[in-house]
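A.B. asks: Okay, here's the prediction I keep looking at, along with the sequence it came from:
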Amino acid sequence: AQSVTQLGSHVSVSEGALVLLRCNYSSSVPPYLFWYVQYPNQGLQLLLKYTSAATLVKGINGFEAEFKKSETSFHLTKPSAHMSDAAEYFCAVSSSGGSYIPTFGRGTSLIVHP
Amino acid sequence: DSGVTQTPKHLITATGQRVTLRCSPRSGDLSVYWYQQSLDQGLQFLIQYYNGEERAKGNILERFSAQQFPDLHSELNLSSLELGDSALYFCASSLLDREFNEQFFGPGTRLTVL
């Protein structure tokens, strides 16, 4: 079985501050990990994905995430928040040999203050 | 624009009724997924079709059914609707049904059951 836990349903930062959104996963086999973003009234879109090629993954809009096997984590970061980053962020896990259907976390709402 | 289209955008209906949600996947994608998103349940996987055949089932109620047609578009049928079925329904598509494939989400259909 696989699962994802996103710590914090809401994260609030000031514009220009570091963004850190936490994701911990559980998988009995090597995972594939994804971060998706959902802007208001839109569907989810992929920010980045980890497929074992490199532990530090760079995505769109300046976001990146680091796969840490020992901590079973895949936290999403951005050095400097922008007002346009305000959205819902979802972490997801899938795995070969297990369920290839991704399991999504409950999501974290990022609020950016001016 | 993800290339995935969903119709209608909004649907308001009464309890006990039946509705059909339609999804056209991204050009070339063979796999279609249906999700239900609600505040209390988060993003829940319902069902997946691959090249016309049902491939995986998630938390889909017996009142719900889906199919994928030869042109690869898909329909989700919801019957005997209840108030609790009010949610955002997303369709997503991917090239194949592999664990490393990213999913492309449509804009969703917002269903309101009165």
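C.D. replies: Cool, the structure landed.

A.B. asks: C-alpha only now, for contacts and for neighbours.
C.D. replies: OK.

A.B. asks: who's the spatially most central residue of chain B bridged to?
C.D. replies: With distances taken as CA atoms, centre = their mean, residue B:34 lies nearest the centre of chain B, 3.0 Å away. When bridges are called by DSSP bridges, residue B:34 pairs up with residue B:47, residue B:91.

A.B. asks: Repeat that for residue A:77.
C.D. replies: residue A:20, residue A:64.

A.B. asks: Let me know whether the residue nearest to the centre of chain B touches residue B:47 as I believe.
C.D. replies: Yes - the pair residue B:34 / residue B:47 is scored as a contact, 5.5 Å apart, by CA atoms under 8 Å.

A.B. asks: How far off centre is stretch B:1-10?
C.D. replies: 11 Å (CA atoms, centre = their mean, to the nearest Å).

A.B. asks: Span of that stretch from start to end?
C.D. replies: Start-to-end span of stretch B:1-10 (CA to CA, to the nearest Å) is 18 Å.

A.B. asks: what does it rub up against?
C.D. replies: A:45, B:21-27, B:91-93, B:104-112 (CA atoms under 8 Å, 6 or more residues apart in numbering or on different chains).

A.B. asks: try 7 Å
C.D. replies: Residues from elsewhere that reach stretch B:1-10 (CA atoms under 7 Å, 6 or more residues apart in numbering or on different chains): B:21-26, B:104-111.

A.B. asks: burial measure for residue B:85, as a count.
C.D. replies: Neighbourhood size, residue B:85 [other CA atoms under 10 Å in any protein chain shown]: 17.

A.B. asks: who's in contact with it?
C.D. replies: With CA under 7 Å, 6+ apart, residue B:85 has these contacts: residue B:113.

A.B. asks: for it, phi and psi?
C.D. replies: Backbone torsions for residue B:85, taken as degrees, to the nearest 10, come to phi -80, psi -10.

A.B. asks: now residue B:83
C.D. replies: Dihedral angles (degrees, to the nearest 10) for residue B:83: phi -60, psi -40.

A.B. asks: which residues pair with the closest residue to it other than its chain neighbours across the strands?
C.D. replies: Leaving aside its chain neighbours, residue B:83 sits nearest to residue B:113 (5.2 Å; criterion: CA to CA, 6 or more residues apart in numbering or on different chains). Under DSSP bridges, the beta-bridge partners of residue B:113 are residue B:13.
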